[in-house]
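> need coordinates for the following:
(one chain, ligands or ions: 1)
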Amino acid sequence: MGKIMMNKAIIITGANGNIGSFFAKRYFKKDDKLILCIHENSDRIANILDNENVRIIKTNLVDLSNFQTQLNEILTETNWHLDRMIHTTTIRSHDFKPLAETDAKLWENIIRVNVMGTFNILKTLIPVFRKNGAGKIVLFGSNVTRIGLPFGSAYSASKAALANITRTVAAEEAQNNIIVNIISPGPVKIDDSHFSESYRKFREEYYRKNLREIPLQRCASFEDLFGLCNFLLSAENSYITGEEFFVTGGKV
Ligand SMILES: NC(=O)c1ccc[n+]([C@@H]2O[C@H](COP(=O)([O-])OP(=O)(O)OC[C@H]3O[C@@H](n4cnc5c(N)ncnc54)[C@H](OP(=O)(O)O)[C@@H]3O)[C@@H](O)[C@H]2O)c1
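Below is the predicted model of the structure:
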């Protein structure tokens, strides 16, 4: 096996999140080299951290230079060939208020983490992929990009921004063999124990209502999302770019 083939690495943001941690463990099993970006917590991926194929970046993605420094140190130390990226980091409109009643600072912070965080990770990774001659990127949006989210205007605005960043960057970077797509799921059953009780209740009600409208009558599973994401990042995908994939069990 060639040196590049053996050293192929994937970077996953929000790697301790519900979806990110599931993906991290699946790629770990596939013997990929992993760069896992975490924020404050690492409990969900604790059992894969201490391994020669895993490196950790612990940072707030809003801090561009800190992220860049840590990534460069890892790439220099390992000589890994980074060729795929999955970006799942997010924060939500956990105040669940109409826009007119939402606190401006909270609104701004959601945009900062979700949109500027995405800018920061793309700004850092695209030059690495260009240098390596190719790269594949999957961002995570949400079905709210097409249906909106009452009581979640900052979150839905940020996800719509990501969908349009996907279309734009895909066109900009096609000439550099960089493929960019976005997966926009409907409700996914997640561990929500870290949310406040009132926000959990709001989400339960939202899910109950949504479930009635989903033709396939269930939420998306982590496996559903992994299958699509893994395909988009694989060698089999050389022509699909700039697309938003709705994983919603048939619900528009
Ligand atoms: N779950 C769903 O129902 C659903 C539906 C549609 C779309 N999605 C999308 O799918 C993606 C993954 O969702 P999820 O449910 O797995 O999310 P999640 O469990 O809430 O995970 C989000 C992760 O982002 C990290 N994070 C938050 N702020 C950060 C910051 N400033 N810098 C770096 N990392 C930060 C969190 O780390 P800490 O915990 O350490 O702060 C957490 O690990 C998201 O983009 C979401 O919008 C999810």
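
> quick check: the most centrally placed residue in the chain vs Arg200, distance?
Computing the C-alpha centroid of the chain and ranking residues by C-alpha atoms, centre = their mean puts Thr88 first, at 1.8 Å. Distance, Thr88 to Arg200, using C-beta to C-beta, to the nearest Å: 20 Å. Yep, even glycine has a C-beta here, placed from its N, CA and C like the rest.

> now swap in Leu106 and tell me
For Leu106, the distance to Arg200 - C-beta to C-beta - is 18 Å.

> now do the contacts for the residue in the stretch 151-252 of the chain positioned nearest to the ligand.
As assessed by C-beta to the nearest ligand atom, the ligand sits closest to Val188 within the stretch 151-252 of the chain, at 3.6 Å. With contact set as C-beta atoms under 8 Å, 6 or more residues apart in numbering, Val188 has these partners: 18-19, 219-222, 225.

> which one of the residues you listed is nearest His194?
Asn18 (10.0 Å; C-beta to C-beta).

> does that closest one touch Phe195 like I think?
No: the criterion here is C-beta atoms under 8 Å, and Asn18 misses it with Phe195 at 11.4 Å.

> ok, and which of the contacts of Val188 reach the ligand?
The residues of the contacts of Val188 that also fall near the ligand, by C-beta under 6 Å from any ligand atom, are 18-19.

> out of the contacts of Val188, who's the most crowded?
Ile19 (23 neighbours; other C-beta atoms under 10 Å).

> nearest residue to it other than its sequence neighbours?
Leaving aside its sequence neighbours, Ile19 sits nearest to Thr88 (C-beta to C-beta, 6 or more residues apart in numbering; 5.2 Å).

> I'd say the one you found and Phe23 touch.
Yes: under the criterion of C-beta under 8 Å, Thr88 makes contact with Phe23 at 7.4 Å.

> give the residues shared as contacts by the two.
What both Thr88 and Phe23 touch, as defined by C-beta under 8 Å, 6+ apart, is the set 12, 15.

> ok, the closest residue to the ligand within the chain - how many residues close by?
Residue nearest to the ligand within the chain (C-beta to the nearest ligand atom): Gly17, separated by 2.3 Å. With neighbours defined by other C-beta under 10 Å, the count for Gly17 comes to 23.

> so what's it up against?
44, 88-90.

> chain center to stretch 128-143, what's the gap?
11 Å (C-alpha atoms, centre = their mean, to the nearest Å).

> so which bits of it are buried?
128-129, 132, 135-143 (16 or more other C-beta atoms under 10 Å).

> which members of the residues you listed additionally contact the ligand?
Near the ligand, by the rule C-beta under 6 Å from any ligand atom, you find 140, 142 out of these.

> sort out for me which of the buried residues of stretch 128-143 are in strands.
Here DSSP state E is the test, and the buried residues of stretch 128-143 give 135-140 as lying in strands.

> and the helices in the stretch 51-200 of the chain, which stretches?
For the stretch 51-200 of the chain, helices defined by DSSP state H, counting those that start in this stretch occupy the ranges 64-78, 104-111, 117-132, 144-147, 153-173, 197-213.

> what does the third one contact?
Residues outside helix 117-132 that contact it (C-beta under 8 Å, 6+ apart): 11, 13, 37, 61-64, 67-68, 71, 75, 81-83, 85, 87, 89, 135, 137, 139, 161-162, 165, 169, 173, 176-178.

> send the alpha carbons of that helix over as CSV?
What follows is helix 117-132, C-alpha atoms only, in CSV (Å, rounded to 0.1, in the frame of the first residue of the first chain):
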residue,chain,number,x,y,z
GLY,A,117,-17.1,28.5,13.1
THR,A,118,-17.9,27.0,9.6
PHE,A,119,-16.0,29.8,7.9
ASN,A,120,-13.0,29.1,10.2
ILE,A,121,-12.9,25.4,9.5
LEU,A,122,-13.3,25.9,5.8
LYS,A,123,-10.7,28.7,5.7
THR,A,124,-8.2,26.4,7.4
LEU,A,125,-9.0,23.1,5.6
ILE,A,126,-9.4,24.3,2.0
PRO,A,127,-5.7,25.3,1.7
VAL,A,128,-4.7,21.9,3.1
PHE,A,129,-6.9,20.1,0.6
ARG,A,130,-5.6,22.3,-2.2
LYS,A,131,-2.0,21.5,-1.2
ASN,A,132,-2.9,17.8,-1.1
